[in-house]
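Participant: Sequence first, then the predicted structure, then my questions.
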Amino acid sequence: MITIKQQLCGQCGLCPGVCPVQALVLHAWVLEVDGKKCTGCGQCVTVCPTGALTLKT
Ligand code: SF4
Ligand code: SF4
């Protein structure tokens, strides 16, 4: 499951673009993750330039 540090997220839109299951959605000013979709692949953590995403196992 991915957790989002909202204070670090710059809403750049990179992570929704790499998520293979569309678990990340960038709403107007807030990134949200759908925990039921997320497979824990970690691709979004790798692509985030600000370290806003953490993978918890
Ligand atoms: S860990 Fe993988 S499946 Fe989960 S939100 Fe990130 S890119 Fe999507
Ligand atoms: S890649 Fe990082 S900074 Fe960009 S929208 Fe996702 S969490 Fe926010």
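Facilitator: Perfect, thanks for sending it. Here the structure is a predicted model, which is why all the values come from computation and not from measurement. Ligands and ions are numbered 1, 2, ... in the order given.

Participant: CA only for contacts and neighbour counts going forward, please
Facilitator: Will do.

Participant: buried sites along whichever strand or helix holds residue 16?
Facilitator: Taking DSSP states H and E as the definition, residue 16 sits inside helix 14-18. Buried residues in helix 14-18, counted by 16 or more other Cα atoms under 10 Å: 15-16.

Participant: Can you show me the CA trace of it as PDB?
Facilitator: C-alpha atoms of helix 14-18 as PDB (Å, rounded to 0.1, in the frame of the first residue of the first chain):
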ATOM      1  CA  LEU A  14       4.200  11.700 -13.000                       C
ATOM      2  CA  CYS A  15       3.100   8.900 -10.700                       C
ATOM      3  CA  PRO A  16      -0.500   8.500 -12.100                       C
ATOM      4  CA  GLY A  17       1.200   8.200 -15.500                       C
ATOM      5  CA  VAL A  18       3.300   5.200 -14.500                       C
END
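
Participant: Next one: it, is it in contact with ligand 2?
Facilitator: Yes - using Cα under 6 Å from any ligand atom, helix 14-18 reaches ligand 2 at 14-15.

Participant: Which residue ranges of the protein form strands?
Facilitator: Remark: strands assigned in the chain by DSSP state E are 2-4, 24-26, 31-33, 53-55.
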